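Participant: no sequence on this one, just coordinates:
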């Protein structure tokens with residue numbers, strides 16, 4: 001069973017994906033970490049993520065142990081990830097890893113849950129169940145500020161909001177694998193739903209679809 005969850009930054013797709021994977025005994029992959037790892041690799045070598053030649057090189061030779069880094073979710077890395085993700089050759093270099101991940105599962109697991117921007121449209125277009133989450137950017141920005149505050153990280157709402165708007169525009173308008181709602185995906189866009197309510201809605205949809 002392959003389940004994909006795509007959506008905008010800060011929409012809660014990661015939280016939903018992890019909860020579904022735990023509930024259904026699936027393996028979980030945050031595909032966005034791959035692009036964050038490329039950005040991290042560039043930044044720690046003092047290379048601008050906009051340097052396409054270097055971005056491609058680092059993606060093709062990515063040290064996958066970087067996926068375990070604890071600082072992949074800083075705003076600097078997040079912004080860099082959105083930039084390198086718009087480069088076609090970078091996406092091509094990381095695509096095989098993502099597809100192989102969904103094919104080579106431990107025998108004791110029932111399937112895989114992937115979340116990202118194009119998991120249902122490009123990585124696994126034949127996935128059994130697809131979701132797309134898109135709640136208002138203002139809500140997402142407030143959630144991100146709350147998240148940073150809880151972790152004692154100083155931040156600014158207006159800056160977070162502007163960064164998210166720029167990322168949304170870049171992700172949706174890129175030439176290669178733009179962020180779109182995949183065909184046959186259940187679209188979730190109600191910001192008033194709790195995490196538990198969203199999970200139950202998704203699980204019911206999965207159960208109905210797989211019958």
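Facilitator: Structure's in. What do you need? As the structure is a computational prediction, the values presented were derived from the model and not from experiment.

Participant: For residue 102, give me its contacts.
Facilitator: 2, 29, 112, 114, 123-124 (Cβ atoms under 8 Å, 6 or more residues apart in numbering). The C-beta positions use only the backbone N, C-alpha and C, and glycine is treated the same way.

Participant: For those, which single residue is the most surrounded?
Facilitator: Counting neighbours by other Cβ atoms under 10 Å, residue 114 leads the contacts of residue 102 with 27 neighbours.

Participant: Quick one: the strands in this protein, in order.
Facilitator: Per DSSP state E, the chain carries strands over the ranges 2-7, 26-30, 111-116, 129-133, 186-188.

Participant: Out of those, flag the one nearest residue 207.
Facilitator: Nearest to residue 207 among these is strand 129-133 (9.6 Å), distances taken as Cβ to Cβ.

Participant: Pairing partners for that closest one, with directions?
Facilitator: strand 2-7 (parallel), strand 186-188 (parallel) (DSSP bridges).

Participant: Please identify the deepest-packed of those strands.
Facilitator: Mean neighbour counts were taken over the strands paired with strand 129-133 using mean count of other Cβ atoms under 10 Å, and the top value, a mean of 27, falls to strand 2-7.

Participant: Show me how far it is from its chain's centre.
Facilitator: 9 Å (Cα atoms, centre = their mean, to the nearest Å).

Participant: Other residues contacting that strand?
Facilitator: 13, 16-17, 20, 24, 26, 102, 111-121, 123-124, 126-134, 179, 181-182, 185, 188, 206.

Participant: one step back: Serialize the strands of the chain to CSV and add fields for mean pLDDT and distance to residue 43.
Facilitator: What follows is these, written out as CSV (pLDDT from 0 to 100; distance: least, Cβ to Cβ, whole Å):
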stretch, mean pLDDT, distance to residue 43
strand 2-7, 96, 25
strand 26-30, 94, 19
strand 111-116, 95, 20
strand 129-133, 97, 28
strand 186-188, 95, 32
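
Participant: pretty sure residue 210 is touching residue 110, no?
Facilitator: No: counting by Cβ atoms under 8 Å, residue 210 stays clear of residue 110, with 10.3 Å between them.

Participant: what is in contact with these two at once?
Facilitator: Between them, residue 210 and residue 110 share these contacting residues under Cβ under 8 Å, 6+ apart: residue 1.

Participant: you'd agree residue 155 is up against residue 145?
Facilitator: Yes: between residue 155 and residue 145 there is a contact under Cβ under 8 Å: 5.6 Å.

Participant: Of the two, which one has the most company?
Facilitator: More neighbours surround residue 145 than the other of residue 155 and residue 145, with 19 against 15 (other Cβ under 10 Å).

Participant: sorry, back to before: of the contacts of residue 102, closest to residue 76?
Facilitator: Nearest member of the contacts of residue 102 to residue 76, counting by Cβ to Cβ, is residue 29, at 23.2 Å.

Participant: beta partners of that closest one?
Facilitator: Following DSSP bridges, residue 29 is listed with bridge partners residue 114.

Participant: The residue nearest to residue 90 when sequence neighbours are not counted: how many residues sit nearby?
Facilitator: Nearest in space to residue 90, with sequence neighbours left out and distances taken as Cβ to Cβ, 6 or more residues apart in numbering, is residue 59 at 4.3 Å. By other Cβ under 10 Å, the residues close to residue 59 number 24.
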